[in-house]
Structures are given as structure tokens and as C-alpha cells.
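# Predicted coordinates and the sequence they were generated for:
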Amino acid sequence: MHDNRPAFIRFNERNEKFAEQYNQEYYERQHAKGKLTARERIDILFDKDSFEELDAFVRPRGGENLPGAYGDGLICGHGRINGRKVFAYAQDFNFMGGSLGSAHAAKIVKVQDMARKMGHPIIGLIDSGGARIQEGIASLAGYAGIFLRNIQSSGIIPQISVILGPAAGGAVYSPALTDFIFMIRHTAQMFVTGPNVVKEVLNEDISAEQLGGADVHSTKSGVTQFVYDDEEHTLLGVRKLLQYLPSNNIELAPLGNEPVVEPDKPERLRLIIPDESFRPYDMLDIISNIIDQDSLFEVAELFASNIITAFARLNNRVIGIVANQPKVLAGTLDANSSVKAARFVRFCDAFNIPLLVLEDVPGFLPGSEQEHIGLIRHGAKLLYAFGEASVPKITVIVRKAYGGAYIVMNSKNMGGDFNFAWPTAEVAVMGPESAVKILHRRTLEASENPDQLKQQLITEYREQVANPYIADELGYIDEVIDPATTRKKLITAFDLLRNKYMEKMPRKHGNVPL
Ligand code: HXC
């Protein structure tokens, strides 16, 4: 209801003008492109009627009288998601293609600063033609201010980017500096240089989708961790992710608000590992028989699938899972899987999320391709990440744990807090086949029946070396456990670790091998 006292006349007039901006045409223009408007996106993202807009009347410098100028192509503010406070900004493609001018940038910087100061996550909904050409250097400076805040907030509050339209040029680097990127198929594209430049410089014909669409970035480049087919599911995915994250680095992730449903048949865990050690199986079968039912939320599911990174709940508490996937590349560690896992481990460590490692790794992936793209450099990232992480860290070796890959996957001497193994575990410097070839080369060459001898030596090696018992007896494994008791053991161990405290040596920062 309007208050007609003099002081309110101008207030009411402004509000009316502002409301007129969001007329039918505003919605139709964006819908004609097959996209939702920034306002509709905010409505889906936030709990009903919880969003409060800030800086709604800011207008572009020099373009104050342009139609639709209120807000300068950006809606920003705060509200609640699953009842918890979150800041967000949404670029509005309807005004100058959501391009980033100086006022638009100042609005983003303002909510970034507020989110960090108050300790709440921030989400950016990106749909923009990039730097506003008319504002020149001022818009580049605007981007720099945003990037700087991304860096300053890193490890303090979760930062999430959602790409719902174009993101080109240097504009991709704000998302790249955040913790997680969501993309929608077909409408969202991210690239540093667009198809036209690619054609000019390299004479290569490539569409925007092929160059930087959601499928490319979720499977090949690893730039995006979550991809969906439509805007609603993308935004609901963001809401879901937030249920696993604390609001900042001094809080714990929230407890689940559903009653805990335990896996119904833990004894099944005794049957999942095949009798023949070379046979693959699905590590997700093991995971689902350990964690609270339906609590798995995979991160970067489609990229480097030889390693699984996922959030889940164990007895209602959030954990981060890093697990080798024997179904893909035999679960070996390669450059991409090392980087994927390292980044996940560092996120969990920064945000107090305990880590569970489920290990079945035959080693690093051999070959010139891997060596030449820097497997040494990339593998070192995972080593560094696990060694540096001070959150509770538990490993369960379910089958193979060979060589350097054994060490990397949170082994006891790398700081594992509890290291369990199943009776099916094979812990050794290398697999039986390779070990026998090296140790018995001369004997095999001299043998009249080398194949039979090799098989016999492999069986002996398996019995004597490739099992969990030597490691157990030397204390490198804390306990060899019945697979059916894994969940119970983990709940007890993580409970003990709730008091874990590790003092860090003072230093500016380590030199993580980037
Ligand atoms: C000003 C822009 C703009 C920009 C689009 N518009 N991009 N205005 N600065 N960067 C305007 C258009 O003029 C148009 O205005 C409206 O937004 C919608 O654009 P369309 O082209 O009609 O839309 P569409 O066909 O969907 O194409 C979208 C697009 C295309 C792919 C984003 O507009 C485009 O290629 N824009 C330029 C992208 C770009 O090169 N940006 C600079 C990147 S370099 P009207 O008035 O007609 O509605 C960069 C540096 C960042 O960002 C550095 C950070 C360190």
C-alpha cells in the first residue's frame, strides 16, 4: 500500500519505474533465446521470497537514460538457500548483453566483499557478452577487481559459478578462480578466444559449442564439474551442492536433515571384489554399501572417471570421498585424475570436510603420452594435497595398492589417520606379473617351461607378498577388517577424529606444484 506523505512520493515513483522495467517484454526477449531471465533464475535458486536485492537502482556510468538501465544489467543481493544465507549475483543479458561495465563490476565486488566479511557462500550466475566495449579500460579494471576478490575469498567462503550463457575472453577467469563451475548444455559456452579468432589465427573451423560447450568442459578440459540439460536442473543442482558445504572455513558442513538410512546389505561388500585380481568392478557399488543411502553427490563425474570424487554422508555427517575406479583405465592414476583429485582434496581440507579414500590402484598410467604431459608434475599435486591436508583422513585399501600410487593415496606415512585394508588387499611395490619378471628374469630364461614357472612364481608372490598382512604386521595398516564392518569402523574412526588438531608450521604458503 502506498504512503502518500511527501517523503514517500519520490520513493514510490522510483519503485514504480523500476517495476516497469521488468515488463512482459523483458521476459519475452530472453525467452525468445531459449533462456530464463536473471530474475527467474534468482527465483529458482533461492528459497521462496527470501531474496533481497541490493543496488537495484545503480545505473551504468554514461548510460543512465538507456531503457532498462536500472541495475546496469546485474541483479545482486542475498537470500536463503535450504534456509541458509547465501549471496548471489546474476547477469542480465537483457541489458547490453549482460556486458560488464564499471558500475556492474562495482556491484559484484560489493557483494563479494560482503559475502567474505560475513562468511556466507557466493554464487555468480553468468550470462554476458564480456567486457563492455563502450567502457573500455574501466570494464577491464572491473574484471580485475572481481578476480582479486575471488582470490581473497578462496578457502574462506565457497564460491560457485553457474554459466548460463556466453562467457568469453578474460571473463572466464572469474569462474575459473571459484571452487565449482556449473554449465548448461547448448546455451553456455566458455572460451578464452572465440571461434572467429580461432578461424583467423589457426584457420580452424569450429563452432562455439565444440570449442567451449558444456560437454567439452565436463569431459575433456575438466573446467566444469557439473553439467545439466536445462536451467531449472542446473540451479537445483547448485542448491543440492550447498547442502554438502559449510558456509565458511570456520564452520562444519551442515548435518543432513533426513533420517539416516543405512545401506541394507553390508555383507554384500564381501562379494564385490572379483576372485581374479585383474577383473574390473564398479567402485560405486562399494561406496553405496558404505555411505548413508542416496547421499552420494559426485563432483566432476564425467572427467577423468578413473577416479571418483564425491561428497556423501556417513551417519549424517558430510565426508569427501576419493576412490579409484577399476572400471576405467583399471583405476590407474593419470595426469587428469591426479589433478581432479588434488583439487577436491584441497577443497575439502579448506572447508573442514573429512576425507575417505577407497583404494584400488595398480599404479600410475605408463606411457610417453602421460610422461610428456607431465605426469610427474600432476601426480605431485595429489601427493602434495593429501600430505598437506589436516582434516581427518582415512584410507580403506580394498584391493590393489601398488608402488608410488600406494603412497599417494593417503598412506599411513603420508599422514593417514586410520588405514584399513580388506582381506582382498594387495599391498606391494608392484603387481605380481611385473615383480616376477624382474626378480626371476634369469631363472625364467633358463627354464624349459617358462610359462608354467611364471604362473607358479606369481601364485607364490601373491601368497607371500601381495596381501595386506605384511603391511599390517609392520603397522603400515592399522587393521585388516571384514568388509561388512567397514561402515561401522569408519563411523567410529571419524568420530574419534572429530577432536583432531594439527598445528601448522608458520610460513607464508607452501609451493604446491601447480
Ligand atoms: C557491449 C554488448 C557486448 C559487449 C553484447 N553486447 N556484447 N555490448 N559490450 N561486450 C550487446 C549487443 O550489442 C546487443 O545489443 C546485445 O548485447 C545482445 O547481443 P547480441 O549480439 O544481439 O546477442 P547474441 O546474438 O545472443 O550474441 C551474444 C554474444 C555476442 C555471443 C555474446 O554479443 C558477442 O560476441 N559479443 C561480444 C563478445 C566479446 O567479444 N566480448 C569481449 C570479450 S573480451 P542490442 O542493443 O543490439 O540489444 C573480454 C575481456 C575481459 O571480455 C577481460 C577480463 C580480464
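Cool, got the structure.
# This protein against the ligand: which residues are in contact?
Taking CB under 6 Å from any ligand atom, the part of the chain that reaches the ligand is made up of 96-97, 99, 129-134, 140, 143, 166, 168-171. The C-beta positions use only the backbone N, C-alpha and C, and glycine is treated the same way.
# So which of those are in strands?
If you go by DSSP state E, the residues of the chain next to the ligand have 166, 168 in strands.
# from the residues of the chain next to the ligand, which would you call buried?
Among the residues of the chain next to the ligand, the ones that count as buried by 16 or more other CB atoms under 10 Å are 96-97, 99, 129-132, 140, 143, 166, 168-169, 171.
# ok, which stretches of the stretch 1-150 of the chain are strands?
Under the criterion DSSP state E, counting those that start in this stretch, strands of the stretch 1-150 of the chain are mapped to 52-54, 74-81, 84-91, 122-126.
# Repeat that for the stretch 301-450 of the chain.
Per DSSP E, counting those that start in this stretch, the stretch 301-450 of the chain carries strands over the ranges 307-314, 317-324, 355-361, 393-402, 418-421, 426-428.
# In stretch 8-27, which residues are buried?
In stretch 8-27, counting by 16+ other CB under 10 Å, buried: 21-22, 26.
# and if you look at stretch 455-465?
457-458, 461-462, 465.
# ok, those vs R343, which is closest?
Of all those, V465 has the smallest distance to R343: 34.0 Å, by CB to CB.
# With mean neighbour count added, can I get the strands of the stretch 301-450 of the chain in TSV?
Output for those, formatted as TSV (neighbours: other CB atoms under 10 Å):
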stretch	mean neighbour count
strand 307-314	24
strand 317-324	25
strand 355-361	26
strand 393-402	26
strand 418-421	25
strand 426-428	23
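# Compare those and give me the one nearest H31.
Of the strands of the stretch 301-450 of the chain, nearest to H31 by CB to CB is strand 307-314, at 33.9 Å.
# Count the neighbours of the residue in the stretch 251-400 of the chain that the ligand sits nearest to for me.
For the stretch 251-400 of the chain, the nearest residue to the ligand under the criterion CB to the nearest ligand atom is R343, separated by 22.5 Å. Using other CB atoms under 10 Å, R343 has 20 neighbouring residues.
# need the strands for the stretch 151-300 of the chain, in chain order.
159-163, 166-168, 180-184, 189-191, 226-228, 297-299.
# G97 is in contact with I133, isn't it?
No - applying CB atoms under 8 Å as the test, G97 and I133 come out as separate, 9.8 Å apart.
# For D55, list the residues it contacts.
D55 is in contact with 71, 74, 76-77, 107, 110, counting by CB atoms under 8 Å, 6 or more residues apart in numbering.
# Which pLDDT value belongs to I373?
pLDDT for I373: 96.
# Angles on the backbone of it, please.
phi -90, psi 0 (degrees, to the nearest 10).
# Am I right that V512 is in a strand?
No - according to DSSP: H, G, I helix; E, B strand; the rest coil, V512 belongs to no strand; its state is coil.
# dump the residue contacts of the closest residue to it other than its chain neighbours.
Spatial nearest neighbour of V512, excluding adjacent residues (CB to CB, 6 or more residues apart in numbering): Y384 at 5.2 Å. Neighbour list for Y384: 342, 510, 512-513 [criterion: CB under 8 Å, 6+ apart].
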